[in-house]
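*Asks:* Next input, structure requested:
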Amino acid sequence: IPANNSVATQTLSKMAKKCNEAALSLLACMEKTDCVMKQKKSVEECMKDPIESDPCTAVRNAYYNCKHSQLNMRTRIRGVRQ
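*Replies:* The predicted structure is shown next:
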C-alpha cells in the first residue's frame, strides 16, 4: 500500500477483512465527490446526505450487502457473496 494520507488508506487496518475491498472502494468513491472535494466536508458528513452520496449509490449498496451477509446466518455458513 502506498504511503498516502487518504481516508481509504488510513482506515485499511481498522476494517474487517471480508468487506475490506468494498469499504475501500466506497471511501475512494466518496473522496471523489464534490461534497468532499469542493465543499471540504468530511466523508462521514457527505455519507449522511443522500443527495451528496448519490454518485456512490451502487458502491454503497455493495458494501451494505457485504456487511449484511456477515450477519445473515445462512450466508455465514455459505460464505460472503462476491
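*Asks:* Could you list the buried residues of the helix or strand that contains L24?
*Replies:* Counting by DSSP states H and E, the element that carries L24 is helix 20-31. Buried residues in helix 20-31, counted by 16 or more other Cβ atoms under 10 Å: A22, A23, L24, S25, L26, L27, C29, M30, E31. For glycine as for every other residue, the C-beta is placed from the backbone atoms N, C-alpha and C.
*Asks:* which stretches of this protein have low pLDDT?
*Replies:* Residue ranges of the chain with pLDDT under 70: 1-16, 75-82.
*Asks:* Where do the helices of it begin and end?
*Replies:* Applying DSSP state H to the chain gives helices spanning 7-10, 20-31, 34-37, 43-48, 57-71, 73-78.
*Asks:* Which other helices and strands does the fourth one contact?
*Replies:* Translated: helix 43-48. helix 20-31, helix 34-37 (3 or more Cβ pairs under 8 Å, 6 or more residues apart in numbering; DSSP states H and E).
*Asks:* Pull out the buried positions in it.
*Replies:* Buried positions in helix 43-48, judged by neighbour count with 16+ other Cβ under 10 Å: V43, C46, M47.
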